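>>> coords please:
(chains A and B)
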Amino acid sequence: MSAPAELVLAAGGPVIPNFGGGSSCVVQNHQFCLSWFEHNWSSVFEPRLVEHLELTAIAVGVGMAIAFTAAIIAYKQNWFETPFSLLSAFLYTIPSLALFELLVQVTGINRFTAEIGLVSYTLLILFRNTLTGLRGVPPASIEAAHAMGLTPRQTLLRVELPLAFPAIMAGIRIATVTTISLATVAAYIGAGGLGELIFDAIQSGFKTEFVAAGVLAIVLAIALDIVLVLLQRAITPWSRRRLAPT
Amino acid sequence: MRSSDPVSFFLNNLSLFGDKTAAHVELSLASIGVAFAICVPLGVWLGHLHRGSFLAISVSNIGRALPSLAVISIGIGILGIGFRNTMVALIILAGPVMLTNAYVAVDGVDQDAVQAARAMGMTPLSVLLRVELPLALPLIFAGIRTATVYVIATATLATFAGGGGLGDIIVNEPTYGTAGVVAGSLAIAVLAFAFDGLLALVQLGVTPAPLRRQGRRQRVDAIVEASWETGGRR
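Here you go, the predicted structure:
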């Protein structure tokens, strides 16, 4: 990454990079030019923010579908836990940048490749939290459900899953903020989203873009975390305290 | 430079790996050191006073949500390219888990033990140093270990900020090929495990002997706790 370094060095010299804006703040590449940000919000930042949200939603959604199914199977058939845990833990250990690089060799530089990587990182957290939540259901509640004549299916849907819900939600929260973080890295292989702006800025050395994209990603992560907490409290009013998920 | 498989790539490029690993370790250790110096004493002190639980817990919730590349990106914008910016970013990312674990560890020390120590006439300082800290060590160390593994993994991204390290090999697929990417990733994973193991030994060394058995049990809880606290951090 020598190009941006040269730009930074050159910032005070005769070579002034043109970032497409005329204001002196932009020309002198100050740390943050609010007017440029406001001016480019709808054309540059907003679409990337929406894209980032989509990337995250798809990854967590697909990851949840896989991990949830796997957790239900592991809950009913104990032997299934170990292989799935090992697989997802293995995927989780690979440094994100490396996983994306390696996936590119197989499926090319595009959003699909990025989604495969993002989904694979959500599996461990979602699987473990869902399974732990289900296993944490008090046996007495299950027995009571059986005694009341509920079928296994009804017990699962009406007793076990609602009681496991806080742990499942905690998993979704962690998976969501993780995915937002990893999605910025995924822009390296053409996933789009806010990371795209960061990598643009690495090419151009434009500080306002660095700061704005970084702040937006952080705001997005914290905002979604808060929204999910509120959602969980609204859905499970009986658990005012956060239950330990694992 | 290119090789067909990661192992021969590694063997053919030993000096490259030596340099990059040294840079990686230097960056990681500097960040962990500073984060440790700021966050662990603060967490221990707050836990000793049983104050600031809101601060300690919120810090970890926000810390968990921070996207690593975003923090590095803001760092580049404000501090420019280089070692210092990445170091600041890594400190911000590693600090919260250390702070929270230190707080929870000291705050959660058995109050009977603390009161017994007071009844024996210990000053608040010696209660802290001789009772609370030894009992809290396993959990404090769990935080340090989690932060260390996280920092070593995240230091990979330093390559985008001119910070160097093993990330340089991973992002340079055109030069080093797939074997290089795999070898670089393996090197990072091995480095993370090695530091985790090293810290485990240090932890064993500083834990008073009678506590070691119990410490092991607590550590299992702590790992579970830590995996929850740090799930969002890569």
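>>> residue boundaries of the helices in the chain?
Looking at chain A here, since you left the chain open. For chain A, the helices defined by DSSP state H occupy A:2-10, A:24-27, A:34-40, A:46-76, A:81-93, A:96-107, A:111-135, A:139-147, A:152-155, A:161-186, A:194-204, A:207-235.
>>> my bad, the chain I had in mind was chain B
Going by DSSP H, chain B shows helices at B:6-12, B:14-49, B:53-65, B:68-79, B:83-107, B:111-119, B:124-127, B:133-154, B:167-171, B:173-206, B:212-230.
>>> what would these look like in a markdown table with mean pLDDT and distance to chain A?
In short, each C-beta sits where N, CA and C put it, glycine included. Compiled in a markdown table, the helices of chain B are given as follows (pLDDT from 0 to 100; distance: least, Cβ to the nearest Cβ, whole Å):
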| stretch | mean pLDDT | distance to chain A |
| --- | --- | --- |
| helix B:6-12 | 85 | 11 |
| helix B:14-49 | 92 | 11 |
| helix B:53-65 | 82 | 4 |
| helix B:68-79 | 88 | 3 |
| helix B:83-107 | 90 | 10 |
| helix B:111-119 | 91 | 21 |
| helix B:124-127 | 91 | 29 |
| helix B:133-154 | 88 | 6 |
| helix B:167-171 | 88 | 5 |
| helix B:173-206 | 86 | 4 |
| helix B:212-230 | 46 | 5 |
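>>> With distance to A:Thr82 and mean neighbour count as added columns, please give those in a markdown table.
Formatted as a markdown table, the helices of chain B follow (distance: least, Cβ to Cβ, whole Å; neighbours: other Cβ atoms under 10 Å in any protein chain shown):
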| stretch | distance to A:Thr82 | mean neighbour count |
| --- | --- | --- |
| helix B:6-12 | 27 | 16 |
| helix B:14-49 | 32 | 19 |
| helix B:53-65 | 27 | 18 |
| helix B:68-79 | 30 | 26 |
| helix B:83-107 | 28 | 25 |
| helix B:111-119 | 39 | 13 |
| helix B:124-127 | 45 | 14 |
| helix B:133-154 | 23 | 24 |
| helix B:167-171 | 30 | 25 |
| helix B:173-206 | 20 | 17 |
| helix B:212-230 | 17 | 17 |
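>>> Could you point out which of those helices sits nearest A:Arg173?
helix B:53-65 (8.8 Å; Cβ to Cβ).
>>> ok so, going back, any idea which of the helices of chain A is most buried?
The highest mean neighbour count among the helices of chain A, using mean count of other Cβ atoms under 10 Å in any protein chain shown, belongs to helix A:161-186: a mean of 26.
>>> Mind pulling up the pLDDT for B:Asp5?
The model reports B:Asp5 with a pLDDT of 83.
>>> swap in A:Gly13?
Here, the pLDDT recorded for A:Gly13 equals 41.
>>> What of the one 3 residues further on?
Per-residue confidence for A:Ile16 comes out at a pLDDT of 49.
>>> To A:Ile226, which of the helices of chain B lies closest?
Each of these has some distance to A:Ile226 by Cβ to Cβ; the shortest is helix B:53-65, at 9.1 Å.
>>> what does that closest one rub up against?
A:174, A:177, A:180, A:218, A:221-222, A:225, B:43, B:46-47, B:92-93, B:95-97, B:99-100, B:103-104, B:107, B:229-233 (Cβ atoms under 8 Å, 6 or more residues apart in numbering or on different chains).
>>> Same check on stretch B:121-131?
Stretch B:121-131 is contacted by residues B:44, B:48, B:106, B:109, B:113-114, B:117-118 when judged by Cβ under 8 Å, 6+ apart.
>>> can you do 7 Å?
Stretch B:121-131 has contacts (Cβ atoms under 7 Å, 6 or more residues apart in numbering or on different chains) with B:48, B:113-114, B:117-118.
>>> now do the same end-to-end measure for that stretch.
13 Å (Cα to Cα, to the nearest Å).
>>> what's near enough to touch B:Asn101?
B:Asn101 sits in contact with B:139-140, B:142-143, where contact means Cβ under 7 Å, 6+ apart.
>>> got it, and B:His50?
Contacts of B:His50 (Cβ under 7 Å, 6+ apart): B:Asp107.
>>> Need the helices of chain B in JSON lines (columns: distance to A:Ser43).
Formatted as JSON lines, those follow (distance: least, Cβ to Cβ, whole Å):
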{"stretch": "helix B:6-12", "distance to A:Ser43": "43"}
{"stretch": "helix B:14-49", "distance to A:Ser43": "36"}
{"stretch": "helix B:53-65", "distance to A:Ser43": "27"}
{"stretch": "helix B:68-79", "distance to A:Ser43": "20"}
{"stretch": "helix B:83-107", "distance to A:Ser43": "28"}
{"stretch": "helix B:111-119", "distance to A:Ser43": "59"}
{"stretch": "helix B:124-127", "distance to A:Ser43": "59"}
{"stretch": "helix B:133-154", "distance to A:Ser43": "31"}
{"stretch": "helix B:167-171", "distance to A:Ser43": "29"}
{"stretch": "helix B:173-206", "distance to A:Ser43": "32"}
{"stretch": "helix B:212-230", "distance to A:Ser43": "37"}
